[in-house]
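Trainee: any chance you could fold what I've pasted below:
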Amino acid sequence: MSRARRTYCICYALMILGLAALYFLPIPLPKPTPWEDWSTFQAWLGPPPQELIEEEWATGKDDYKGVIFVFHATEDWHAEIAKRFGLAEGRHENIRLQPHWQEALAPETPLLTAHRKRLAEICTGEPVYDVKDMTLARLRDGRTLLVFRHRWDNSFGNHSYVFSAYEPGEGRDFPTWYVVLYGSAVVAFILLVPLGFLLLFPRFDVRKKGHTVLWFAVALLYPIGVAFLTIPVMYSGSEALIALIGILFLLEPLQLIGALVLYLLARSIRAIRHSSHP
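Mentor: Coordinates of the predicted model:
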């Protein structure tokens, strides 16, 4: 094996290890602000309130993430949310607040709780989040306390559904380095991994017609194969169809352009090496 091929094999292996590390190892990110976390549920709760405070509600029971929001809210907002989520007086035994919030509850106002709900998008009818242990209360200082536990879940179940009624939030504002890192990882996974694998074979030659056809066929078929394996797990119904259409009409042309650029680059490298080693 030549020195150039050994170097290429090492670089390809390092790329695979790097992609695996991004998948299995957590990436340190700044903690999201309360407004960014609220925006996740803005379509069901409404625009984020002013002077919003957030704490994690750690229960250690399961894979649900617990959250505590404290803010100023009007009586109209209370009435609307209570109606939409089916909040009613009465406390579930599994609700356990931190002691400092338990002591801050206003004793003269009722504690409203809701049964397990599925948050769904009104435009598609698809569920998005599974929410339970929702509790709404007033604090002694007049602020509102809203707590619930949630997890992403797009499967249907025998639960009550709450459909979105507001404009969705903008979501979390990820750092530029994070966007660039994961954008590069996506490009490497769908383009560089399959085409780089072909170049691992010593007999593969982009100057041959059959190998050229194989080069572009792999570039086009690889993302489709990945999509058929992952889309049914991540999406269902109309969302799955939209994701598949997006891959066919948006990703595939970009994949073809990327494959063409790498093809011309590989041919140039082959031509240079061939001229220097007649």
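Trainee: pLDDT-wise, which helix or strand of this structure ranks last?
Mentor: Across the helices and strands of the chain, mean pLDDT, DSSP states H and E gives its lowest value to helix 238-246, namely a mean of 76.
Trainee: mean confidence for the helix or strand just after that helix?
Mentor: Moving toward the C-terminus from helix 238-246, the next helix or strand (DSSP states H and E) is helix 252-276. Taken as a whole, helix 252-276 has a mean pLDDT of 83.
Trainee: residue boundaries of the strands in the stretch 51-200 of the chain?
Mentor: Using DSSP state E, counting those that start in this stretch, the strands of the stretch 51-200 of the chain run over residues 53-56, 65-71, 88-89, 112-113, 117-120, 127-138, 144-152, 160-163.
Trainee: avg pLDDT for the second one?
Mentor: So the one you mean is strand 65-71. Summarised as a single mean, pLDDT over strand 65-71 is 93.
Trainee: also the fourth one?
Mentor: Model confidence over strand 112-113, given as mean pLDDT, is 90.
Trainee: each with direction, which strands does that strand pair with?
Mentor: Note on strand 112-113: by DSSP bridges, its sheet partners are strand 88-89 (antiparallel), strand 127-138 (antiparallel).
Trainee: as CSV, the ones you listed with mean neighbour count would be great.
Mentor: Glycine gets a C-beta too; all of them are placed from N, C-alpha and C. Output for those, formatted as CSV (neighbours: other C-beta atoms under 10 Å):
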stretch, mean neighbour count
strand 88-89, 10
strand 127-138, 20
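Trainee: still on that earlier bit, nearest approach to Ala188 belongs to which of the strands of the stretch 51-200 of the chain?
Mentor: Ala188 sits nearest to strand 144-152 of all the strands of the stretch 51-200 of the chain, at 25.4 Å, using C-beta to C-beta.
Trainee: could you dump the closest one to CSV, C-alpha only?
Mentor: Presented in CSV, the C-alpha positions along strand 144-152 are these (Å, rounded to 0.1, in the frame of the first residue of the first chain):
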residue,chain,number,x,y,z
THR,A,144,-48.2,32.0,38.4
LEU,A,145,-46.5,28.6,38.8
LEU,A,146,-46.8,26.2,35.8
VAL,A,147,-45.1,22.8,36.0
PHE,A,148,-45.2,19.7,33.8
ARG,A,149,-43.1,16.9,32.6
HIS,A,150,-42.6,16.2,28.9
ARG,A,151,-40.9,14.2,26.2
TRP,A,152,-40.9,14.3,22.4
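Trainee: and the contacts of that strand?
Mentor: Contacts of strand 144-152 from elsewhere in the structure, counted by C-beta atoms under 8 Å, 6 or more residues apart in numbering, are 41, 45, 57, 59, 63-73, 77-78, 95, 97, 101, 104-105, 128-139.
Trainee: and that strand with strand 127-138, angle?
Mentor: Computed with axes from the mean of the first three to the mean of the last three C-alpha atoms, to 10 degrees, the direction of strand 144-152 lies at 160 degrees from that of strand 127-138.
Trainee: adjacent strands (with direction) for strand 144-152?
Mentor: For strand 144-152, the pairing partners within the sheet under DSSP bridges are strand 65-71 (antiparallel), strand 127-138 (antiparallel).
Trainee: how about those strands in CSV, adding distance to Val218?
Mentor: What follows is these, written out as CSV (distance: least, C-beta to C-beta, whole Å):
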stretch, distance to Val218
strand 65-71, 39
strand 127-138, 35
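Trainee: among the ones you listed, which comes closest to Phe85?
Mentor: Between Phe85 and the strands paired with strand 144-152, the shortest gap by C-beta to C-beta is with strand 127-138, which sits at 6.1 Å.
Trainee: could I get the average pLDDT for the closest one?
Mentor: Along strand 127-138, the predicted local confidence has a mean pLDDT of 89.
Trainee: got the angle for that strand vs helix 238-246?
Mentor: For strand 127-138 against helix 238-246, the angle between stretch directions is 130 degrees (the same axes, to 10 degrees).
Trainee: just to revisit the earlier point, of the strands of the stretch 51-200 of the chain, which is nearest Thr33?
Mentor: For the strands of the stretch 51-200 of the chain, the distance to Thr33 is smallest for strand 53-56, at 8.1 Å, taking C-beta to C-beta.
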